[in-house]
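Novice: for reference, the sequence and a predicted model appear below.
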Amino acid sequence: MWNTFPLFGSTLLLCVMVVASYTFSVSLVAGANGRPRTLQAARFGAYGTVALIFTCVLCLAYAFISHDFRLRYVAHYSDRSMTTAYLLTALWGGQDGSLLWWLFLLSLYVFACVKWLGRKHLELQPYIIATMMAVILFFCVLMAFAANPFSTSVAGARPDGEGLNPLLQNYWMIIHPPSLYTGFVGCTIPFAFAVAALATGRLDSEWIVACRKFVLFSWMFLAIGNTLGMVWAYEELGWGGYWAWDPVENAAFMPLLSATAFLHSTMIQERRGLFKVWNVILVSLTFMMTIFGTFLTRSGAIASVHSFAQSSIGTYFVWFLVLCFLVVFTLVLYRWPELRDLPPSMQLRKAALATGWTILLLIGPGCFAISRLGISQGTRAVLIALLAGGAVYAGLELVFRRIAFGLDLRTKRPEIESVWSRELTFVVNNWALLGFMGFVLVATTFPMISEAIWDEKVSVGPPYYNVWVQPIALTIFGLMGCGSLFGWKKTTPHALRHAFRAPLIALASAATLMLVVGPKVGFPGIVWSEPIYSGAMGQVLRAFNAFTPIISFSLIAFNVTVIAQEFFLLFRSRRRTGASEDTPAVLWYAGFFPGFIYTLVTLPAQSRRRYGGYIVHLGICCMMLGFTGKSWTVDKETTLTPGQTFVVEDYTLQYVGPRMEVDNTKRMIFADIEVMENGKARGPLSPAKFIYKKMPESPTTEVAMMHTLKNDLYLVVGTINPQTKTASLQVHVNPLVSWIWFGCMVLISGSFLCMWPEFRRDESRAWSFARGTAGIAASIFFGVVIALLPTVAHAQTGMDNMHSGTIKIENEKERDIFERLKCTCGCPTDRLSTCSCESAEEARENIRAKMKAGENKDQIILEYTQENGSASLVVPPNQGAMRAIYMVPLVAIAFGGAGVVVLMRRWRGKSGAKKKGDDDDDDKPPPPAAGASGAGSKKVGVKDEYDSRLDDALRDLE
Amino acid sequence: MSEKDKDEAPRSRAEAGERKAAATDAQSIDDSERSLARAVGIGIPVATLVISVAVCIATSLGPALLVFVAGALLGTITLMWASLRTLGGDAPLPTGLATAALVSRDNRAVAERKRTVLLALKDLEHEREIGKIDEADYQLVSARYRQEAKNILREIDDEAAPNRSRAEQIARAHLKKRGLLSDDEDESIGNRVSIEPAPPTTKSAPPPPMPTELRRECTKCKTSNEPDAAFCKKCGTSLVKDDSVDEKTTTDDIAETTEKQA
């Protein structure tokens, strides 16, 4: 056996497959026969699967440690000179290993979940385990057949491996992918709960309450992962920004949006029993987005800085997605009566299933057939529209009507008292968040869609997103504040006016302040930029974006005031009811925060989550402030000889000279620069070039930065001439960026507050604190350990030349054109303004020459496009079919909006009718209880034993 | 009863005796297996960890990893073996799980509604406290919800009432057998209980409403307690003056348990 260690590893992988299949089937049987014995067997099976996956990982680790170069993966990602720590890092450095790593993380989640479930939710358990096993099976199949880390190289064992690219050995690169993975993989657990709820028909709030912690945990790690990604891009990529709307960044961002929507809409289901279908869809969507994200990263379907090792495994992901969709689709149809609160009858299930599948089967193959017909674009579109309409008609009218004939289809759904309530704002919030996600989704996949349908290559770059996202994001941001001002159930107009007063005053004064003082301190409220489209469309967008800074800033003021007001109200009411005395006064005197935190932590669970949510909102406000800073960014390029100075904004840079240092692996060339701010010395900055011995042809760029709360000075050195000692520098002044990182920390602490475990009543307070802290600390610790474990999951081959070379941009006019055009060098998303490769330099020189020759912008862009194809445009042209990129999401958002309006009307109709009915019953509303306080929250008059029981139950509630 | 049944009666009694003896044997075997399982569950990971650390110190990381691999494989095999044995019915289930039912009887809909309404009331209270809803509206909406909550509570009581009385009967019979209950209590109870099937839980025959006037109010904190409560559930003040404390609390406990299970 020993001389076939690779075979042993492969066998283990196959064993995982067998064991997972066994557990899968046993848990299904447990679900079917409902016997605890079978369930216990399934639980053991799940633990066994986890242990076996662990064995696999250990085997691969051993292969690395023992330099078993028979394994292709080991030979590719390690060599004999690497230290043990880096050898272990390489364990998940490449694609095959990172899939195993993914599986390993998933198995950790499975372990935690099964352990946590214990004897809770016995009815859901079998299906939860079955779903998790199905996902594990998928990854096993993927590894066994497409990306086996234990596969051997055809040429046999090599004397030494290739080793890790030194470029990848950096800290931020190490920690951001795993924390994203933690978030991504975590989304499987809520999905499993949803499937279990569908399978058993227990669709009330049970599954939602049960999986809340898992959702929060993965949400938090998605947020952390995204932010770390920004930090990485900012600190390492050296182009002066943090978010490039790269497909992979988007892929990580989209599940975050849908998970956010889910977190909000679950609250309505919990309180109202509404939105059951919606929540199931949202959680499935989140899960599918994570799979889709992996597909984007791995398949290379869309060009991206992250795409590495493009391989055939993309197809597996697509089929898995289709399978997931079909399973959820069928289950939802089967559970239609429960989901819509209709009387469950087999007839209705059949009707729903038949309708759904009819529509699906007509549309799916129909579209495929139409796309194969050799007809013009227009006819094809018309045909597809007709087909879709026909299918829906056939499904609803012909099939559903017929089967469901004579059934009572009136729902017994809960009612809404008032449209003006938090419930409505959550609906609007879901609409906006999903609209945003849809927008990003369409834009991300547009190159793929465009090539498939119109056979036209396009690329979608940051300028497109930056322009379009601003209105959408600001709308969501505004809604966030408004939503918090509404109360549950019903908000009286008077109370609403009262609640809006302070925030609106803050909004107005912030806007005024910005207009008056802003320009003087370097933050003007209105900033004009070049339009991305010619014509009216471009002008409208340009006009909106010009006002973005002032709108954004005022909305931040608005939101912060809203949150402050909420906390003020909380503490005032606590003082009134005497609850504030629970907080030891000492804590208040020991600085404000201990008391504040203690109070929040000791709130009842429901309120604690609410105020935790507000703190998360506060974090988002801070991040928003950072994003707003983007409007005032200053980018300059310059070449300095020793002793020369360069002035940018408040900073004066004096170039001292180059300096060289050498260590074991590289030569480091620094450009020493003395920085002065408003005449005061602020110390030296040394941007550098590192030249690794292993790959001298691609030196890396090390950014030097000076952070302040107001702005960051960001220096990149392009080239340093060894003879003349002149250095070419890129200087960026990025205002307010630090607020993003600060905001993320606030956001994390808010999530902690939401996740703080509930205490049982019979525990002593000290013990419950200990337990809570230990629980949180343990989960966070493991999370952070997973996140911090050094990894280089995204081994990028295309990155080598990103850091080298010089970018020379002489004036703003040039920059505008360069921003608009893509580099042809093959570094996927780089524009001429940020790409530092040689071909970009050539193209820039070319354009510069054309500009000198007097050609105008449109001409130059047109010529460049003709030369290099339509994909060299960063923003898809605003003409013909390319308009679909914004039309499709906008139309979808509009339809969603219409849906919200319809829903609102229906609610209003209901609540109106209800109110009328009340008025008929008794003309006067019951008079307010005299001196209603404390236990006097009862209706005056009839008071029976149930009242006191009710009060008890209320007191005992969480 | 048919002839055959009569014949079989003594035999089955004898068998029952044997079975009882076998059951105690099986019980002890089960217990020892459970403790063995616990020992293995802790033993394998700990042993693996200790040995691999020792190997790591003695030699290097490579062999230590191999020890780890062996431990993990052993663990996997143990777990799969446990799974198969459990599936086959040989292994005992963990205590608690054996009696648990995977498919609970369907009164969850009511429980869910109760939870929702209670949450709603809680929300309303909070909104009023922080002043998002004004007093008149609060009274209006809250009254509606309170009414609904009361209806739900009543519904739950109605459903539980037959089980409750039956549980009380069982408890009485049991206490009597133990000699804890005086003989002047109704003789027929014990006999009746053993024969009588569980009363139907459906609402075919509406059970009598709860005797409301019987609920006891605590003399100290005015909390309303169960009619047969011995102590106040909030402050713990004794609510009974006579000596039948023991018996009554026991009955109540059993009744409550039955209610919960229902």
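Specialist: Structure received. Residues are numbered from 1 along each chain as shown, chains lettered A, B, ... in the order given.
Novice: all strands of the stretch 51-200 of chain B, in order?
Specialist: Assigned by DSSP state E, counting those that start in this stretch, the strands in the stretch 51-200 of chain B number zero.
Novice: mind listing the helices in it by residue range?
Specialist: For the stretch 51-200 of chain B, the helices defined by DSSP state H, counting those that start in this stretch occupy B:61-88, B:108-129, B:135-178, B:188-195.
Novice: return the set of buried residues in the host helix or strand of A:Ser484.
Specialist: Element membership of A:Ser484, judged by DSSP states H and E, is helix A:462-485. By neighbour count with 16 or more other Cβ atoms under 10 Å in any protein chain shown, helix A:462-485 contains the buried residues A:462-470, A:472-485. All C-beta atoms are positioned from the backbone trio N, CA, C, and that covers glycine.
Novice: now stretch A:544-551
Specialist: Buried residues in stretch A:544-551 (16+ other Cβ under 10 Å): A:Asn545, A:Thr548, A:Pro549, A:Ile550, A:Ile551.
Novice: try stretch A:316-329
Specialist: Using 16+ other Cβ under 10 Å as the test for burial, stretch A:316-329 gives A:Tyr316, A:Phe317, A:Phe320, A:Leu321, A:Cys324, A:Val327, A:Val328, A:Phe329.
Novice: now render these as TSV, adding secondary structure and pLDDT.
Specialist: Formatted as TSV, these follow (DSSP: H, G, I helix; E, B strand; the rest coil; pLDDT from 0 to 100):
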residue	secondary structure	pLDDT
A:Tyr316	helix	86
A:Phe317	helix	88
A:Phe320	helix	93
A:Leu321	helix	92
A:Cys324	helix	95
A:Val327	helix	95
A:Val328	helix	95
A:Phe329	helix	94
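Novice: mind checking how far the residue in the stretch 151-300 of chain A that chain B sits nearest to is from A:Gln269?
Specialist: Per Cβ to the nearest Cβ, A:Asp204 is where the stretch 151-300 of chain A lies closest to chain B, at 4.2 Å. With distances taken as Cβ to Cβ, to the nearest Å, A:Asp204 is found 8 Å from A:Gln269.
Novice: and what of A:Ile615?
Specialist: In terms of Cβ to Cβ, A:Ile615 sits 23 Å off from A:Gln269.
Novice: what does A:Ala134 give?
Specialist: For A:Ala134, the distance to A:Gln269 - Cβ to Cβ - is 25 Å.
Novice: do A:Thr834 as well
Specialist: Distance, A:Thr834 to A:Gln269, by Cβ to Cβ: 45 Å.
Novice: more neighbours: those two, which one.
Specialist: The neighbour comparison of A:Thr834 against A:Gln269 (other Cβ atoms under 10 Å in any protein chain shown) goes to A:Thr834, with 24 against 21.
Novice: verify the stated contact: the more buried one with A:Asp246.
Specialist: No. Proximity of A:Thr834 to A:Asp246 does not meet the contact threshold set by Cβ atoms under 8 Å, at 12.0 Å.
Novice: the lengthiest helix in chain A close to chain B?
Specialist: Taking DSSP state H as the criterion, chain A has its longest helix at helix A:536-577. Yes. Judged by Cβ under 8 Å from any Cβ of the partner chain, helix A:536-577 comes into contact with chain B through A:Glu566, A:Leu569, A:Leu570, A:Arg572, A:Ser573, A:Arg576, A:Thr577.
Novice: quick one: pLDDT of the first one?
Specialist: At A:Glu566, the pLDDT value in this model is 90.
Novice: so the closest residue to it other than its chain neighbours, which of the three states?
Specialist: Spatial nearest neighbour of A:Glu566, excluding adjacent residues (Cβ to Cβ, 6 or more residues apart in numbering or on different chains): A:Tyr614 at 5.6 Å. What DSSP: H, G, I helix; E, B strand; the rest coil gives for A:Tyr614 is helix.
Novice: and for A:Gly161?
Specialist: Of the three states, A:Gly161 takes coil under three-state DSSP.
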